[in-house]
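Visitor: 3D model of this:
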Amino acid sequence: MQIMNRAMLVGALLTLGAASAGAQETKEWKWSGQLGSGRTVYLRNINGEVRFEQGTGNTVEVRAEKRWRRGDPEDVRIEARMAGNGGGDIIICALWGERATCDESGYHGNQDRDRGWNNRNDVSVHFVVRIPATAKVEASTVNGALVVDGTTADIEATTVNGDVDARSNGGRVEATTVNGSITVRTTASNASGLEYETVNGSITIELPANTNANVNLSTVNGRISSDFPLTLDGTINPRRIRAKLGEGGPTLRANTVNGSIRLRKL
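Guide: Numbering: from 1, shown residues only. Purely as a prediction, here's the structure:
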């Protein structure tokens, strides 16, 4: 998943500092729209946690809250719009600077660094999004946790500094972070090409009892455990396992450096 350009990502990590002492201020923003059946909700954020919950009908309800102790909250725009001519996908973005944009492929170009990226501006945007049960979700942030629940469709969830907790009751789930743990649940018993990766954090993967897959699990400082019987491929290594789950099938990969990996049976 390509969610943002490299320069913007580096800028985000280098310049979003800790909040100074003092009272935190907040400002709320709301939006709602109709999602096409089986279509996708895209959400792009930089600083702040993101949570998806199950809503009702075909309505997507967005509640965003700006939080800050210093800086100008008006330098951060929040946008939501229907893709195309309506009745299809929905795109939701928090944008730092006048020239920042986002679309289905990711967050793009922020040249307004003097206003959007400096240690005098600690504005964060925290999202709660209520979605239809059949909505696909593709969401990303940089500094903040990501939680996705309440859907039976596919999920792609990416952050850099934060945990990812993504659960689908019917679709495939993809998740990545760098500094944080990953917990995923997918009931797609033969989903192909699933990959989960972090550096500092554990990985827990919840799968149906009848899952068939070839698993490739690797950790440096941690342990690997499984609720499933595994047929090992090659020599026994407690920190790197290649094995067949059930009858084997599509590949499922999980990699971490500092953390454990667990396969959990639903």
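
Visitor: mind checking pLDDT for the closest residue to residue 32 other than its chain neighbours?
Guide: Excluding the flanking residues, the one nearest residue 32 by Cβ to Cβ, 6 or more residues apart in numbering is residue 61, at 4.8 Å. Just so you know, the C-beta spots here come from the backbone N, C-alpha and C atoms, and that holds for glycine as well. Residue 61 carries a pLDDT value of 97.

Visitor: again with residue 86
Guide: Confidence score, pLDDT, at residue 86: 58.

Visitor: on the three-state scheme, the residue nearest to residue 32 is what?
Guide: Counting by DSSP: H, G, I helix; E, B strand; the rest coil, the backbone at residue 61 sits in strand.

Visitor: tally of neighbours for it?
Guide: Residue 61: 15 surrounding residues under other Cβ atoms under 10 Å.

Visitor: show me the beta-bridge partners of it.
Guide: Beta-bridge pairing for residue 61 (DSSP bridges): residue 32, residue 130.

Visitor: which residues touch it?
Guide: 30, 31, 32, 55, 129, 130 (Cβ atoms under 8 Å, 6 or more residues apart in numbering).

Visitor: domain map for the protein?
Guide: Using automatic domain parsing, the domain ranges for the chain come out as 1-13+25-159, 189-266.

Visitor: need those domains in TSV with distance to residue 165, can you?
Guide: Shown next, in TSV, are the domains of the chain (distance: least, Cβ to Cβ, whole Å):
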stretch	distance to residue 165
domain 1-13+25-159	5
domain 189-266	9
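
Visitor: among those, which is the most enclosed?
Guide: Each of those was assessed for mean neighbour count using mean count of other Cβ atoms under 10 Å. The highest is domain 1-13+25-159, with a mean of 18.

Visitor: low-confidence regions, the protein specifically.
Guide: 1-22, 84-87, 109-119, 189-192 (pLDDT under 70).

Visitor: go again with 50.
Guide: For the chain, the stretches with pLDDT under 50 are 1-4, 6-21, 113-117.

Visitor: my guess is residue 79 meets residue 90, correct?
Guide: No. Residue 79 lies out of contact with residue 90 (Cβ atoms under 8 Å); the separation is 11.0 Å.

Visitor: shared neighbours of those two, which are they?
Guide: Contacts common to residue 79 and residue 90, judged by Cβ under 8 Å, 6+ apart, are absent.

Visitor: look up how far residue 132 lies from the closest residue to residue 202 other than its chain neighbours.
Guide: Using Cβ to Cβ, 6+ apart and skipping the chain neighbours, the partner closest in space to residue 202 is residue 259 (3.9 Å). The gap separating residue 259 from residue 132 is 34 Å, by Cβ to Cβ, to the nearest Å.

Visitor: do residue 157 as well
Guide: For residue 157, the distance to residue 132 - Cβ to Cβ - is 18 Å.

Visitor: of the domains of the chain, which is nearest residue 172?
Guide: Among the domains of the chain, domain 189-266 comes nearest to residue 172, with 3.9 Å by Cβ to Cβ.

Visitor: what's the spacing between the closest one and its chain's center?
Guide: Averaged C-alpha coordinates place domain 189-266 at 20 Å from its chain's average position (Cα atoms, centre = their mean, to the nearest Å).

Visitor: now for the nearest residue to residue 201 once chain neighbours are set aside, how many residues are close by?
Guide: Excluding its sequence neighbours, the residue lying closest to residue 201 (Cβ to Cβ, 6+ apart) is residue 181, at 3.7 Å. By other Cβ under 10 Å, the residues close to residue 181 number 19.
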